[in-house]
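In: Fold the stuff below for me.
(2 chains)
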2 protein chains.
Amino acid sequence: MTRTLQDLNVTFIREALAHGAEQELVVLLQEQHPADLAEAIEPLTEEEKRRVFQLLNPEQAADVLVELNDLSREEILEETSAARLAEIAEEMESDEAADLLATLSEATQAEVLRRMGREEMKDLAELLRYREDSAGGIMKRELLAVRGDSTVAEAVAAFQQLSHTEDVEDIHNVFVVDAERHLVGVLPIRRLLLVDAATPIHRVMDPNILKVRTDVDQEEVARLFKKYDLLSIPVVDEGDRLVGRITVEDIVDVITEESGEDLLRMGGVDEDDRIFCLPSRSVRKRLPWLTINLATAMLAASVVAIFQDTISQMVTLAVFMPIVAGMGGNAGTQTLTLITRGIAMGELSLTNARRALIKESIVALANGVAIGVFMGLGTYLWKGDWILGSVLGLALIVNMLVAGVVGTIIPVLLKRFGVDPAVASGIIVTTFTDCFGFFFFLGLASLALRFYNL
Amino acid sequence: MTRTLQDLNVTFIREALAHGAEQELVVLLQEQHPADLAEAIEPLTEEEKRRVFQLLNPEQAADVLVELNDLSREEILEETSAARLAEIAEEMESDEAADLLATLSEATQAEVLRRMGREEMKDLAELLRYREDSAGGIMKRELLAVRGDSTVAEAVAAFQQLSHTEDVEDIHNVFVVDAERHLVGVLPIRRLLLVDAATPIHRVMDPNILKVRTDVDQEEVARLFKKYDLLSIPVVDEGDRLVGRITVEDIVDVITEESGEDLLRMGGVDEDDRIFCLPSRSVRKRLPWLTINLATAMLAASVVAIFQDTISQMVTLAVFMPIVAGMGGNAGTQTLTLITRGIAMGELSLTNARRALIKESIVALANGVAIGVFMGLGTYLWKGDWILGSVLGLALIVNMLVAGVVGTIIPVLLKRFGVDPAVASGIIVTTFTDCFGFFFFLGLASLALRFYNL
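Out: Here you go, the predicted model:
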């Protein structure tokens, strides 16, 4: 793809700052798309970021701030005065301004609010009341609403009016309300081009309204956008009055954020843990998960402890032990990843779980036989010990079969009982494959040793 | 949220089908949003799904098919005649029709194409040439294009004209082209409401065009949508001629799909592996990953093999061995998950990697000391063996520190050398923590035993 704008790069910015060529830089900065500007700023040092940021007018500063990553934003905001923050917040859409204010200390927040216009301040104070990840927390207050008895021409005039004071780039719908601001209908803005100017709005609006309350979780809002291919959704308060709207641009960010959170959770990381937060916070966030894992590791170790005599008779068992447990863990993780994904995509439910179980068992058995026979034969050829080879091969086959079965059942059961399978499945399945793997391998070896010693 | 439509549920559909009340069902089905209809159909049996699907007219069938999950779609399409498929495909937008045709056998595909209108057939044959995950593969052919010397009134007329033959719900922009269909500008459709009807389009269009070529990867397209908050993007061919467009509705699906693929890859699952595909296919997809894991497990086992004498002197070591390796693996996974995510979010690069390394080392050391001291003391109190306790505690501390360091460095290095950190980091880091954990724990124990035996 191409953009016909002049290229901006880190080296150029550095040079300009170093040689005091601020005026030339300002000219160049003004030509850029805020997203490109943000990208060019990210690699700079803290000091350089702040100096570039100071060169931007409030409108540009507002647009760039929205595009920066959390880390750069924090670095810049630390040194920005309340007066300038108020100017910047006034240029933002209400949802972005609320996000900005939410990152400030309470004292700074109050001071910024005091310096803003009365109307903006009221909107912001309202938005700051909602949970960050609720519909109220991601909605914006600016919207286009008309009464049902208005004509199409009046709706167009209202839209033109709005375009003088607000950015209307993301106005996708006209909301139709009654005297109490209850929603009675909705109309895509482009429909205004297709209907006669004299038509009353209530004749052309769609009375089937999809709406969300301020307290609905953002993940549920995203699900509605995906399901119904929405461009925007109206948000109502407890009294069913229109208070804001959420647009698809916001939802794209929510989807990206939520999928990232799933990845983090699978890795045992809390979503509030950050690369550059204080170490003490990271420790506090990670230690609980490590402690749970320690408990499961001790469970597995206690299985090994049962067979200490067997191991002392044949120390080679300690060498192969981790292979049996590890391969079970890997096979189990593959199965549960596929099953968890299938549940999330709505392809798997309790009704067809049996079919999935049969298929996964077949796959697990086939993979188990492939790996088990290979390792069993290999060990026999290497150690010349057919008993060790058979025990290892058989343990691998059985543990990988168990992994397939458990990897299918656990996520389905967790889902059934309302637990997020993405978080808990992994640790349960690997605990199972560890404990069972050790038990079966060492138990089989202990039986074989008795037979061997006859 | 609420929808004022009548509720449809599985039980009702089953009853209606069982009692031959097809007529009543047809009436109810017609009132539903296609997404709701698809949701109601999913839990039915294959046979029931097909019967309900037969009751839908081609337009409804087209809308529902797009909403169904892959599995249900395959089940239904298996038994649908080429004649009906052609009727359905004609009702779809070109990108959806192309996706539908791509799932059919070549013979059926050719027959369906033969039965379609000439215009639709040409569009589809064109779309089927592109890779499924390229801009060409996800674009649609239907769009609104006018010449630069047209007036705003003429553009509105062109839009009204288009609305007679096509679904214009997702027409977000007017594309401005020259005589050779080269793009010269773009204009949001809602801008037509804000400018004077007699203005020539080239006076109000934006000449800075963001566009993609047909061969650009869909992930890159999604990145542009996120970065520039786009609603639609024009697609051009090698000759820079306008051939189609991609809308934000399609991109929401791409983002969902791509984030799912990241999850799958992290779990060692190929994206073409399916819950209900043939077992032989799943085995073929999973065995390579298991084999790589087997190789790393054997590497770890060979480290244990070095210390067989030590283990035979003190079998308890075999009991605690998996704890040291496992805790290193868990701590390493936490770090690399956070680092990988930071790289994907653009918060971490080579320039600030050193700062991340210092922070992660501090966190790893703190967590290691917590876990190590706890386990060391516990083991001393339990076994009354202060040497075993010290060796275990020290090994845990050092292995968890190594996990933090390796978990930070590996993803950064992989990214630096152009390898996707999400895929390869996990296996490299756990191989490291396994091998190092065994080596350090058993090595330390072997030194301690020598000292102990003096």
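In: Now do the helices in the stretch 51-200 of chain A.
Out: Assigned by DSSP state H, counting those that start in this stretch, the helices in the stretch 51-200 of chain A fall at A:58-67, A:70-77, A:82-91, A:94-102, A:106-115, A:118-127, A:135-138, A:152-165.
In: what's the most buried one of these?
Out: helix A:135-138 (a mean of 25; mean count of other Cβ atoms under 10 Å in any protein chain shown). In this view, the C-beta of every residue, glycine as well, is placed from N, C-alpha and C.
In: Can I get that one as CSV, trimmed to CA atoms?
Out: Coordinates of the C-alpha atoms in helix A:135-138 are reproduced here as CSV (Å, rounded to 0.1, in the frame of the first residue of the first chain):
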residue,chain,number,x,y,z
ALA,A,135,-20.4,-1.0,27.9
GLY,A,136,-20.5,2.3,29.9
GLY,A,137,-16.8,2.3,30.2
ILE,A,138,-16.1,2.0,26.5
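In: Report the distance from it to the chain centre.
Out: 16 Å (Cα atoms, centre = their mean, to the nearest Å).
In: Skipping adjacent residues, who's closest to the spatially most central residue of chain A in space?
Out: For chain A, the residue nearest the mean C-alpha position is A:Glu258 (2.0 Å; Cα atoms, centre = their mean). Take A:Glu258 and drop its neighbours on the chain: the residue closest to it by Cβ to Cβ, 6 or more residues apart in numbering or on different chains is A:Glu219, 5.6 Å away.
In: Next secondary structure element downstream of whichever strand or helix holds that neighbour?
Out: For A:Glu219, the element it lies in under DSSP states H and E is helix A:218-228. Note on helix A:218-228: by DSSP H and E, the next helix or strand toward the C-terminus is strand A:232-236.
In: which parts of that next one are buried?
Out: A:232-236 (16 or more other Cβ atoms under 10 Å in any protein chain shown).
In: Now do it, average pLDDT.
Out: Per-residue pLDDT values over strand A:232-236 give a mean of 96.
In: Following the chain past the helix or strand A:Leu377 falls within, name the next helix or strand.
Out: A:Leu377 is part of helix A:353-383, with elements assigned from DSSP H and E. Moving toward the C-terminus from helix A:353-383, the next helix or strand (DSSP H and E) is helix A:386-416.
In: quick one: that next one to helix A:353-383, angle?
Out: 160 degrees (axes from the mean of the first three to the mean of the last three Cα atoms, to 10 degrees).
In: can you pull the buried residues of the very next helix or strand once past helix A:386-416?
Out: Where DSSP H and E defines the elements, the next helix or strand beyond helix A:386-416 is helix A:421-452. Buried residues in helix A:421-452, counting neighbours by 16+ other Cβ under 10 Å, are found at A:421-422, A:425-446, A:448-449.
In: what's the answer for stretch A:242-260, then?
Out: A:242-252, A:254-256, A:258-260.
In: From those, which land in strands?
Out: Of the buried residues of stretch A:242-260, the ones assigned to strands by DSSP state E are A:242-247.
In: Can I get these in TSV including pLDDT?
Out: Listed next are those as TSV, based on pLDDT from 0 to 100:
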residue	pLDDT
A:Leu242	96
A:Val243	95
A:Gly244	95
A:Arg245	96
A:Ile246	96
A:Thr247	94
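In: Using JSON lines, lay out the residues you listed together with distance to B:Arg203.
Out: As requested, these are arranged in JSON lines below (distance: Cβ to Cβ, whole Å):
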{"residue": "A:Leu242", "distance to B:Arg203": "36"}
{"residue": "A:Val243", "distance to B:Arg203": "38"}
{"residue": "A:Gly244", "distance to B:Arg203": "35"}
{"residue": "A:Arg245", "distance to B:Arg203": "31"}
{"residue": "A:Ile246", "distance to B:Arg203": "34"}
{"residue": "A:Thr247", "distance to B:Arg203": "28"}
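In: Of those residues, just say which sits nearest to chain B.
Out: Closest approach between those and chain B, by Cβ to the nearest Cβ: A:Thr247, at 9.2 Å.
In: so the closest one bridges to which residues?
Out: A:Thr247 has these beta-bridge partners by DSSP bridges: A:Ser232.
In: which residues touch it?
Out: A:140, A:170, A:172, A:231-232 (Cβ atoms under 8 Å, 6 or more residues apart in numbering or on different chains).
In: what is the mean pLDDT for the host helix or strand of A:Gly329?
Out: Taking DSSP H and E as the criterion, A:Gly329 maps to helix A:316-344. Helix A:316-344 shows a mean pLDDT of 92.
In: Does it reach chain B?
Out: Yes - judged by Cβ under 8 Å from any Cβ of the partner chain, helix A:316-344 comes into contact with chain B at A:316-323, A:325-327, A:330-331, A:333-334, A:336-342, A:344.
In: In ChimeraX, how would I select the buried members of the residues you listed?
Out: Buried subset of the residues of helix A:316-344 next to chain B, written as a ChimeraX selection, criterion 16+ other Cβ under 10 Å:
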select /A:316,317,318,319,320,321,322,323,325,326,327,330,331,333,334,336,337,338,339,340,341,342,344
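In: Tell me which residues of stretch A:380-389 come out buried.
Out: Neighbour-count burial for stretch A:380-389 flags A:380, A:387-389 (criterion: 16+ other Cβ under 10 Å).
In: coming back round to it: report how many residues lie close to the residue nearest to A:Glu258.
Out: 13 (other Cβ atoms under 10 Å in any protein chain shown).
In: before we move on, what about A:Asp149?
Out: A:Asp149 has 11 nearby residues by other Cβ under 10 Å.
In: That one and A:Arg203 touch, don't they?
Out: No - using Cβ atoms under 8 Å, A:Asp149 is not in contact with A:Arg203; the gap is 10.1 Å.
In: Please report the distance of A:Arg114 from A:Ala83.
Out: Distance, A:Arg114 to A:Ala83, by Cβ to Cβ, to the nearest Å: 11 Å.
In: typed the wrong thing, it's A:Gly267
Out: From A:Gly267 to A:Ala83 the distance is 42 Å (Cβ to Cβ).
In: likewise A:His202?
Out: With Cβ to Cβ as the criterion, A:His202 and A:Ala83 are 46 Å apart.
In: again with A:Thr247
Out: Taking Cβ to Cβ, one finds A:Thr247 at 30 Å from A:Ala83.
In: One more: A:Thr103?
Out: Remark: distance between A:Thr103 and A:Ala83 (Cβ to Cβ) = 17 Å.
In: cool, and A:Thr408?
Out: Taking Cβ to Cβ, one finds A:Thr408 at 60 Å from A:Ala83.
In: And for A:His33?
Out: Where A:Ala83 is concerned, A:His33 sits at a distance of 27 Å (Cβ to Cβ).
In: Identify the residues contacting A:Lys226.
Out: By Cβ under 8 Å, 6+ apart, the neighbours of A:Lys226 are A:255, B:252-253, B:256.
In: at 6 Å instead, please
Out: Residues in contact with A:Lys226 (Cβ atoms under 6 Å, 6 or more residues apart in numbering or on different chains) are B:Val252.
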